[in-house]
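**Student:** predicted structure and sequence below. I'll ask about it afterward.
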Amino acid sequence: MSMEGGCTCRTIRYRLNGRPLIVHACHCTWCQRETGTAHALNAMYEAERVEHIAAEPEILDTPSASGKGQKIARCPVCKVAVWSNYPGAGPAVRFVRVGTMDDPNQCPPDVHIFTSSKQHWVTFPPGAKVFAEYYDRRDVWPKEALERWRILREKVKA
């Protein structure tokens with residue numbers, strides 16, 4: 001399976017190879033402010049599964065709620081954010097903005113996080129995985145994603 005996406009002006013184009021590790025809908029106030037919406041929707045991919053097919057984004061250091069910052073990949077022309085890298089996994093994992101995919105319907109949220117600060121009018125469908133803060137990956141991720149994560153962590157250590 002592969003999906004494509006990019007920025008508004010089409011300067012940045014990427015191809016995603018395979019399914020994401022997980023898709024987060026983050027409802028923290030930091031993501032609300034940063035995106036200007038009720039939540040951020042990010043598909044987590046190993047960096048090597050995100051293929052650049054047109055131009056390279058500019059990487060901007062941005063503050064974060066943790067105080068550790070994040071790196072946001074933006075189009076140098078239209079400035080749309082296409083993915084982020086967070087300190088926990090560094091450049092090895094890209095949090096791809098689902099809204100930049102050509103068909104974002106292929107990546108609905110697997111889990112809703114930091115819902116303790118969600119907008120009051122946001123509701124969740126029956127059966128949705130919802131966490132007031134974060135969660136233990138071993139309890140939530142599919143086995144295949146956990147194995148990919150294990151392999152990724154071993155590569156990062158090497």
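**Tutor:** Noted; the coordinates are in hand.

**Student:** pLDDT of stretch 53-68, averaged?
**Tutor:** Averaged across stretch 53-68, pLDDT comes to 87.

**Student:** chain center to that stretch, what's the gap?
**Tutor:** When C-alpha coordinates are averaged (Cα atoms, centre = their mean, to the nearest Å), stretch 53-68 and its chain have centres 12 Å apart.

**Student:** what residues does that stretch touch?
**Tutor:** 4, 6, 10-15, 28-30, 34, 69-76, 82-84, 86-87 (Cβ atoms under 8 Å, 6 or more residues apart in numbering). From N, CA and C alone the C-beta is placed, and that goes for glycine too.

**Student:** buried only: go through those residues for me.
**Tutor:** 6, 11-14, 28, 30, 34, 70-75, 82-84, 86 (16 or more other Cβ atoms under 10 Å).

**Student:** from the contacts of stretch 53-68, which land in strands?
**Tutor:** 4, 6, 13-15, 70-74, 82-84 (DSSP state E).

**Student:** my read is Gly99 is in a helix, agree?
**Tutor:** Yes. Counting by DSSP: H, G, I helix; E, B strand; the rest coil, Gly99 falls inside a helix.

**Student:** coming back round to it: from the ones in strands among the contacts of stretch 53-68, which two are the most distant?
**Tutor:** Glu4 and Gln70 (23.8 Å; Cβ to Cβ).

**Student:** which residues sit against the lengthiest helix in the chain?
**Tutor:** In the chain, with assignment by DSSP state H, the single longest helix is helix 143-157. Applying Cβ under 8 Å, 6+ apart, the contact partners of helix 143-157 are 21-22, 46, 89-90, 92-93, 137-138, 141.

**Student:** how about the CA coordinates for that helix, as PDB?
**Tutor:** Extracted C-alpha coordinates of helix 143-157, given in PDB (Å, rounded to 0.1, in the frame of the first residue of the first chain):
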ATOM      1  CA  LYS A 143       1.400  -6.300  16.900                       C
ATOM      2  CA  GLU A 144       2.800  -5.500  13.400                       C
ATOM      3  CA  ALA A 145       3.400  -1.900  14.400                       C
ATOM      4  CA  LEU A 146       5.100  -2.900  17.700                       C
ATOM      5  CA  GLU A 147       7.500  -5.100  15.700                       C
ATOM      6  CA  ARG A 148       8.300  -2.300  13.300                       C
ATOM      7  CA  TRP A 149       8.900   0.000  16.300                       C
ATOM      8  CA  ARG A 150      11.200  -2.600  17.900                       C
ATOM      9  CA  ILE A 151      13.200  -2.800  14.600                       C
ATOM     10  CA  LEU A 152      13.300   1.000  14.400                       C
ATOM     11  CA  ARG A 153      14.600   1.400  18.000                       C
ATOM     12  CA  GLU A 154      17.400  -1.200  17.300                       C
ATOM     13  CA  LYS A 155      18.500   0.800  14.200                       C
ATOM     14  CA  VAL A 156      18.500   4.100  16.100                       C
ATOM     15  CA  LYS A 157      20.700   2.500  18.900                       C
END
